[in-house]
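1. Sharing a model that was predicted from the sequence below.
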Amino acid sequence: MIIENQAMVTDAVIEAVSRVDDPRLREILLALVRHLHGFVREVRLTEREFQEAVRIIAAMGQKTTPSHNEVVLMAGSLGVSSLLCLLNNGNNGQTETQANMLGPFWRDDQPPCASGDTLVRSPTPGPGLFVRVSLEESNHNPIAGAEVDVWHSSPEGLYENQDPKQAEMNLRGRFVSDRAGRFDFRSVKPAGYPIPVDGPVGELVRATRRHNFRPAHLHFMIYKPGFKTLVSQIYSPDDEHIDSDVQFGVTRALIGNYIRHDEPSRELGFAAPWYSLDQRFTLEPGEARRPVAPIRGKAQAAAPDR
Ligand SMILES: [Fe+2]
């Protein structure tokens, strides 16, 4: 069609993408064109603003490396990752869910651990943490034999792959739940940490006058065939950024009941203060699938990527 006015551009593109064979891809493209053209009309995007948008999107790609993904960071910073997670879990967004974003630091080669083990593999000063995990179905039946990956940042807010001072696989482990659906482990209490702000995400954070911190959290991934793999984060309520996560990840269901203890524990080998956490996870029936690991090992020393 020969385009005679601005309205006809949208018609022409809609007609073009209507020819896509795959019905789901067609549905996505049609909605994308409708919303994109609607957005340009709504804000009456100027040519100069369009050039700026192109620059920002290109910069996200240029900033992305094997150990850092600026696009994922931007999706989180705009709340898209959190929205996607809430729409696709909890009975498709109908009920509360413990699902949360994977984040950029999961490794698929986390070392096997036995219940009771510590995740501390090199000296990591900070308050002790004792975590008891239990896994169950929605009818409260325990889930035995699930593989549970745990990973978290140090009390300085750095993951082992970012920090030359930490041993390989420090603060990481893979546990298997027992017949009662349980296991426990010792570690140190993680701290919150800043996301990198030297790219387009930083421009957004500064423009919106936000801080760039994520509140302290433990990451979990629970894998067992027959259940939808649960990727979760459990946040520390005492973190000053608990209600202003730069990645919009914190929901009520994910605030952990961390308890502070002011007497040392000889049994656990902890000085005071130390913390304990009893955490129950409920799995939904579904497909068990581990995602592709975002990183494979320690980042180069020159790339302090968070
Ligand atoms: Fe994290």
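-> Now that the structure is in, tell me what you want to look at. Residues are numbered from 1 along each chain as shown.

2. so how far is the helix or strand harbouring R41 off the chain centroid?
-> Applying DSSP states H and E as the criterion places R41 in helix 23-43. Centre-to-centre, helix 23-43 and its host chain are 27 Å apart (CA atoms, centre = their mean, to the nearest Å).

3. So which elements touch that helix?
-> Under the contact definition 3 or more CB pairs under 8 Å, 6 or more residues apart in numbering; DSSP states H and E, helix 23-43 sits against helix 6-17. Glycine gets a C-beta too; all of them are placed from N, C-alpha and C.

4. if we go to 10 Å?
-> Judged by 3 or more CB pairs under 10 Å, 6 or more residues apart in numbering; DSSP states H and E, the packing partners of helix 23-43 are helix 6-17, helix 47-63.

5. buried stuff in that helix?
-> Using 16 or more other CB atoms under 10 Å as the burial criterion, the residues of helix 23-43 that qualify are 29, 33, 37, 40.

6. ok, the first one - contacts?
-> Which is L29. Contact analysis of L29 by CB atoms under 10 Å, 6 or more residues apart in numbering lists 13-14, 16-18, 20, 22.

7. Now, of those residues, which are buried?
-> For the contacts of L29, a burial check counting by 16+ other CB under 10 Å picks out 13, 17.

8. The nearest residue to V9 once chain neighbours are set aside and R26, how far apart?
-> Excluding the flanking residues, the one nearest V9 by CB to CB, 6 or more residues apart in numbering is I3, at 5.6 Å. Applying CB to CB, to the nearest Å, one obtains 22 Å for the distance of I3 from R26.

9. now W151
-> Separation of W151 from R26 (CB to CB) stands at 39 Å.

10. Repeat that for D163.
-> According to CB to CB, D163 and R26 sit 47 Å apart.

11. Including distance to L78, could the helices and strands packed on helix 23-43 go into a markdown table?
-> Putting the helices and strands packed on helix 23-43 into a markdown table (distance: least, CB to CB, whole Å) gives the following:
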| stretch | distance to L78 |
| --- | --- |
| helix 6-17 | 24 |
| helix 47-63 | 12 |
